[in-house]
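A.B. asks: whatever this is, show me its structure:
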Amino acid sequence: MADTFQFELVAPERLIYSDQAELVVVPGAEGEFGVLPGHAPLISAVRTGIVEVFEYPAVKSKAKFFVAGGFAEVTAERCTVLSAEAVPVNEIDRDEVKQRLEQAELDLRDAQGDAEKSKAEAAVALARAMLDAAGG
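C.D. replies: Numbers count the residues shown, from 1 in each chain. This is a model prediction of the structure:
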């Protein structure tokens, strides 16, 4: 069994990260799961949260990314996370996200109908999660 596997994080507009990894923790729809070299194949929905790449066995964090849901495909040699939105945690602009949250809250207050309300609620939840990922 190899010591590493290929990990890629992809957003619609670009490849966010691509490197060899020893351990990756993904926020799966049914709970976080860890991927190690030789992992059994699986496809999982990904919930909003943090994908973290670790150096193993020292279990030292190598990279952290905020993801806004998506899908993960895992094989013995590769893990690919496809997300609608992904950003390195250390690049989150808290002021920009606060403005995004304020706008989403205004949109929620002014929402007309179930579809608009649902969309605005999702935007509020996403902005709050992104603020949490950036440290509050």
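A.B. asks: roughly how far apart are Ser61 and Val67?
C.D. replies: From Ser61 across to Val67, the span is 16 Å (C-beta to C-beta, to the nearest Å). C-beta here means a position set from N, CA and C on the backbone, and glycine is covered the same way.
A.B. asks: just want to know which of those two has more residues nearby.
C.D. replies: A direct count of neighbours by other C-beta atoms under 10 Å for Ser61 and Val67 places Val67 higher, at 26 against 12.
A.B. asks: tell me the contacts of the more buried one?
C.D. replies: Neighbour list for Val67: 9, 27, 46, 48-51, 81, 83, 85-86 [criterion: C-beta atoms under 8 Å, 6 or more residues apart in numbering].
A.B. asks: repeat for Thr48
C.D. replies: By C-beta under 8 Å, 6+ apart, the neighbours of Thr48 are 27, 67-69, 125-126, 129.
A.B. asks: try Ala40
C.D. replies: 74, 76.
A.B. asks: so it: helix, strand or coil?
C.D. replies: State at Ala40, reduced to three classes by DSSP: H, G, I helix; E, B strand; the rest coil: coil.
A.B. asks: in TSV: the contacts of Thr48, plus secondary structure, distance to Gln112 and pLDDT.
C.D. replies: Formatted as TSV, the contacts of Thr48 follow (DSSP: H, G, I helix; E, B strand; the rest coil; distance: C-beta to C-beta, whole Å; pLDDT from 0 to 100):
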residue	secondary structure	distance to Gln112	pLDDT
Pro27	strand	32	97
Val67	strand	30	97
Ala68	coil	25	94
Gly69	coil	25	92
Ala125	helix	20	93
Leu126	helix	21	93
Ala129	helix	25	93
